[in-house]
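In: pasting the sequence and the predicted coordinates here, then a few questions.
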Amino acid sequence: MPTIGRSSSPRRARPLRLALLAAALTLAASAARATTFQVAAGAGGYLVFTPKQLTIHVGDTVTWTNTSGMTHNVRALDDSFRCANGCDGDGHGGNGDPAGSWTFSRTFNTAGTVNYQCEIHGPTYGMTGQIVVQPAAPPPPVPGAFKFHSATSSIGEGSGHATIAVERSGGQGGAVSVHYATADGTATAGVDYTAASGTLSWADGDGADKTFSVAITNRHLNGPGKTVDLALSGPAGGATLGSPASAVLTILDNSGPGPGTPPAAPSGLAAASQSTSAIQLSWSEASSGVSEFHVEQQGLGGAFQEVDTVAGGATTDVISGLAASTFYNFRVRAANGSGFSPYSNVAGAATDAVPSTCAGDATTLCLGDGGRFKVQVAFATASQTGMGNAVVVPSAPESGLFYFFNSGNIEMLVKVLNACGPPFNRYWVFFAATTNVQFTLTVTDTQSAKVKVYFNVLNQPAAPIQDTNAFATCP
C-alpha cells in the first residue's frame, strides 16, 4: 500500500560591480547567532573601558561609545583597528584621532585575543581593554517540528487502509515524539473507518518519516466522498508542531473508473491578478470522469494548503480574501472515485496594490519614468527580519541599491527599464543580489497598481533576474 501524502534589447544589463566586504556571505549566514556587546569609554569620568575585558565568539560585534566629553579613542595594539571621531566605521580610512563623542563598532571574525587602549590615557593611566574571541559556538541541537506531508489526501473505500505519513523537519536533535488521532469529519468512526490514535517516536538523529494506518470500511458509498479529520498534538522532547499539523483524509466512492485509475493531472495552470484581494486561476481538464478539482495555495516560503474545491468540468476558479500586494502560488489536482491525480504545474501571481503614488524614503526606491515604480525589499535570517535600506543613485534614476545589515555591505542592485517600444512593449525588471539571505523584492507600478514579486530562499545564493516580461502596462 503506497503511503499517502507524497505525492536584441533597447538596454543591455551590465554585470553588477559593487565593492562588498570579502566575507559578506559568511557574515549573513552567521547572523542568526551573532551578538553585539557594548563597551563604554570613560564612563562616569573615569579613565577606563567598561567592561575592561570581554569574552565573545567569532562573528560577534563590539561597539565602543564615548559620551563622557573627555578625549579618548580606541586602538588595537596589533593595529588591526584605530577609531574615534573621523574613523570610517571599519577601523580604516579615517584619521582615528581621539575625540570627545563617538561610537565605533567592529565585528571579530577570527579567534584570538585582541588588546587595545586609548592612545592618550592607556600608556600612562592604564585605560586598556581586552577582547577574547573564542571559536564560534556550535548551534544547539534542534529537535525539529512535526507535520503531515499534505493537508489533504484520499483513498478509495475498497483499499483496506490508508497509510498516513508524518514528517520530522527542521532538525533531528534529541529523542522526540508526537501524538496522532483521527476524528469524524463527514465520515463516522465504526461505520466508514476505524478510529486510530497513538504516539510516533523518533530517536536522536532520526529524520525518517513515520506512518500510521487508518482502516477503511468498504460500504459502497455511491455518492460523495466522506472525510476523516487527522491531527497531531502533544509534541515531546522539545519538538514543536509545524504546518500542517491537521489534515483531512477523504474516503472516495469506488464507482468511478475503477481501482488504480485516478484521473490525469490538470494541465496549463495559469494565475492572474483580478484585484487587490483576488486571483483568477485557469487550467485544462486532462481526463473525463473527474468528480472535483482541489485547489491548493502557498504563500512565499510556506506550505501548500487546500483553499477551495470546484466541481468536475470546471476549468476556472477565483480565489478571494487575499492580501494586497502579495504573491501566492497555486496548484490543482483532480479527483474521482479512485483517488487523486498528480498535481498540476505550479502557477503564481501577486494581487494588485492599493492605488497610491511612490514616495521615496529610507526603505523605498522610486525608479523609472519619473519614479513611477515603487521598489521595496524585505529580508530575513533565522533570527532577524527587516526592510532593506534604500540607496538612491542620483545619476541613474532607473537604478537603485539596497543594503540589509550595514551601509558598507551593498546587497542588491535593482533596475526598472522602459522597453515600451516595439517589439517589447514592456517595462523590464532586472536585479542582481550578492547575498544568500532570504528576501522578497516587491516592485509596484503605481500607475496600474500591478505588482511583481521576486523571492529568494534563506541560505540559497541569489540568482540574477532579467524579467523582460514584467509589466505589460505601457506607456
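Out: Here it is on my side, so go on. All of these numbers come straight from a predicted model, not from anything done at the bench.

In: going forward, measure contacts between C-alpha atoms and count neighbours the same way
Out: Noted.

In: residues in contact with the spatially closest residue to residue 141 that is not a sequence neighbour?
Out: Spatially, and ignoring its direct neighbours in sequence, residue 141 is nearest to residue 173 (4.8 Å; C-alpha to C-alpha, 6 or more residues apart in numbering). Residues near residue 173 by C-alpha atoms under 8 Å, 6 or more residues apart in numbering: 141, 142, 143, 144, 204, 205.

In: and the most far-flung residue of the chain relative to its centre, helix, strand or coil?
Out: Going by C-alpha atoms, centre = their mean, the residue of the chain most distant from its centre is residue 124, 53.0 Å out. Assigned with DSSP: H, G, I helix; E, B strand; the rest coil, residue 124 falls in the helix class.

In: what's the distance between it and residue 378?
Out: According to C-alpha to C-alpha, to the nearest Å, residue 124 stands 49 Å off from residue 378.

In: now swap in residue 336 and tell me
Out: From residue 336 across to residue 378, the span is 42 Å (C-alpha to C-alpha).

In: ok, residue 466 next?
Out: Per C-alpha to C-alpha, residue 466 is found 20 Å from residue 378.

In: how about residue 303?
Out: Following C-alpha to C-alpha, the distance that separates residue 303 from residue 378 is 20 Å.

In: where does the protein have its least confident helix or strand?
Out: helix 24-30 (a mean of 38; mean pLDDT, DSSP states H and E).

In: state the next helix or strand along the chain beyond that helix.
Out: Scanning forward in sequence from helix 24-30 by DSSP states H and E, the next helix or strand is strand 36-41.

In: for that next one, the distance to its chain's centre please.
Out: 32 Å (C-alpha atoms, centre = their mean, to the nearest Å).

In: which strands or helices does that strand pack on?
Out: strand 49-50, strand 61-66 (3 or more C-alpha pairs under 8 Å, 6 or more residues apart in numbering; DSSP states H and E).

In: neighbouring strands - and their directions - for it?
Out: With DSSP bridges as the test, strand 36-41 is paired with strand 49-50 (antiparallel), strand 61-66 (parallel).

In: name the surrounding residues that touch it.
Out: 47-51, 60-68, 72.

In: and the residues you listed, which of them are buried?
Out: Among the contacts of strand 36-41, those classed as buried by 16 or more other C-alpha atoms under 10 Å are 47-50, 60-62, 64-68, 72.

In: now the residues you listed in TSV, with distance to residue 130 and pLDDT?
Out: Listed next are the buried ones among the contacts of strand 36-41 as TSV, based on distance: C-alpha to C-alpha, whole Å; pLDDT from 0 to 100:
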residue	distance to residue 130	pLDDT
47	15	92
48	12	94
49	10	94
50	11	95
60	15	93
61	14	95
62	11	95
64	12	92
65	16	93
66	17	91
67	20	87
68	20	86
72	16	90
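
In: now the strands for the stretch 151-300 of the chain?
Out: Ranges of strands in the stretch 151-300 of the chain, per DSSP state E, counting those that start in this stretch, are 152-156, 161-169, 176-184, 197-202, 210-215, 226-236, 240-241, 246-252, 267-273, 279-284, 292-299.

In: possible to save those strands as JSON lines with mean neighbour count, distance to residue 392 and mean pLDDT?
Out: Converted to JSON lines, the strands of the stretch 151-300 of the chain look like this (neighbours: other C-alpha atoms under 10 Å; distance: least, C-alpha to C-alpha, whole Å; pLDDT from 0 to 100):
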{"stretch": "strand 152-156", "mean neighbour count": "23", "distance to residue 392": "47", "mean pLDDT": "80"}
{"stretch": "strand 161-169", "mean neighbour count": "21", "distance to residue 392": "41", "mean pLDDT": "90"}
{"stretch": "strand 176-184", "mean neighbour count": "20", "distance to residue 392": "50", "mean pLDDT": "96"}
{"stretch": "strand 197-202", "mean neighbour count": "15", "distance to residue 392": "52", "mean pLDDT": "96"}
{"stretch": "strand 210-215", "mean neighbour count": "17", "distance to residue 392": "52", "mean pLDDT": "92"}
{"stretch": "strand 226-236", "mean neighbour count": "19", "distance to residue 392": "49", "mean pLDDT": "94"}
{"stretch": "strand 240-241", "mean neighbour count": "20", "distance to residue 392": "43", "mean pLDDT": "94"}
{"stretch": "strand 246-252", "mean neighbour count": "24", "distance to residue 392": "47", "mean pLDDT": "88"}
{"stretch": "strand 267-273", "mean neighbour count": "19", "distance to residue 392": "30", "mean pLDDT": "96"}
{"stretch": "strand 279-284", "mean neighbour count": "20", "distance to residue 392": "33", "mean pLDDT": "96"}
{"stretch": "strand 292-299", "mean neighbour count": "20", "distance to residue 392": "30", "mean pLDDT": "92"}
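
In: same list (those strands) but as JSON lines, adding distance to residue 131.
Out: Listed next are those as JSON lines, based on distance: least, C-alpha to C-alpha, whole Å:
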{"stretch": "strand 152-156", "distance to residue 131": "55"}
{"stretch": "strand 161-169", "distance to residue 131": "38"}
{"stretch": "strand 176-184", "distance to residue 131": "39"}
{"stretch": "strand 197-202", "distance to residue 131": "42"}
{"stretch": "strand 210-215", "distance to residue 131": "48"}
{"stretch": "strand 226-236", "distance to residue 131": "40"}
{"stretch": "strand 240-241", "distance to residue 131": "38"}
{"stretch": "strand 246-252", "distance to residue 131": "50"}
{"stretch": "strand 267-273", "distance to residue 131": "55"}
{"stretch": "strand 279-284", "distance to residue 131": "56"}
{"stretch": "strand 292-299", "distance to residue 131": "44"}
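
In: closest one of the buried ones among the contacts of strand 36-41 to residue 115?
Out: residue 49 (11.9 Å; C-alpha to C-alpha).

In: show me what contacts the closest one?
Out: Contact analysis of residue 49 by C-alpha under 8 Å, 6+ apart lists 39, 40, 41, 42, 43, 127, 128, 129.
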